[in-house]
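[1] Attaching a predicted model along with its sequence, questions to come.
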Amino acid sequence: MSRFLFIGGAPVLDFVNTEIVSGGERVDLLQSVDDVRSWLAEAGLADDAARVPLEEVRHFRALLRAMLLRGKAQKNHIDAINDALRRGEGTLTLVREKGKFRTKFDAESTDPLFLLGAAAAEFLANADLSLVKSCGGTGCILLFYDETKNHTRRWCSMAACGNRMKAALHYRRRKIGAP
């Protein structure tokens, strides 16, 4: 069983979610370079990523978190993603999918920051940042991409925060005698 959470709806959100709250305290699930490599493998981004300084990865994660919470990519965010993308090599090709053309970058790099930058760039190019939401659970800092029909999702996971919040509400209603 993985100790990482893959509930964000996109690799870049799941990467940001490697920092969690447990017992009321912020916990960083990326304690070592090997943790970064394990996360990349579990996320399906690289089977055998190269090593990169842990602080660089954490700094990039903090920058992505700030961008996602703000709901827009500012110049410093785009510059950081482009810096990460310059760390890799690859080939840009044109492909047809479902009757439409799009570009596809075949990476030849195992640099973790390049792989994370590519995931962030792909997300920015194809997602609506207004649908990135913070969990409404008490103390939860996880992010998710709300793809529900009416965009009314409130929790990172119904099984975790959703159930806790519903149980707390039920308990309060019973305590005050409300129906």
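    Yep, that arrived. Numbering: from 1, shown residues only.

[2] From now on I want contacts and neighbour counts done on CA atoms only, so please keep to that.
    Will do.

[3] so where's the chain uncertain?
    The chain contains residues with pLDDT under 70 at 162-179.

[4] And for the helix or strand containing residue 121, what's in contact with it?
    Secondary structure from DSSP states H and E places residue 121 in helix 112-126. Residues from elsewhere that reach helix 112-126 (Cα atoms under 8 Å, 6 or more residues apart in numbering): 10-12, 36-37, 40, 45-46, 49-52, 57, 60, 64, 81-82, 84-88, 109.

[5] Centre of the chain to it, how far?
    Centroid separation between helix 112-126 and its chain, computed with Cα atoms, centre = their mean, to the nearest Å, is 11 Å.

[6] which is the next helix or strand following it?
    Criterion used, DSSP H and E; the element after helix 112-126 is strand 132-134.

[7] what does that following strand rub up against?
    With contact meaning Cα under 8 Å, 6+ apart, strand 132-134 is reached by 68-69, 71, 141-146, 154-156.

[8] for stretch 58-66, same thing?
    Contacts of stretch 58-66 (Cα under 8 Å, 6+ apart): 12, 15-16, 77, 80, 113, 120.

[9] For those residues, give me CSV that also has neighbour count and secondary structure.
    Below are those laid out as CSV (neighbours: other Cα atoms under 10 Å; DSSP: H, G, I helix; E, B strand; the rest coil):
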residue, neighbour count, secondary structure
12, 25, helix
15, 27, helix
16, 23, helix
77, 17, helix
80, 16, helix
113, 27, helix
120, 22, helix
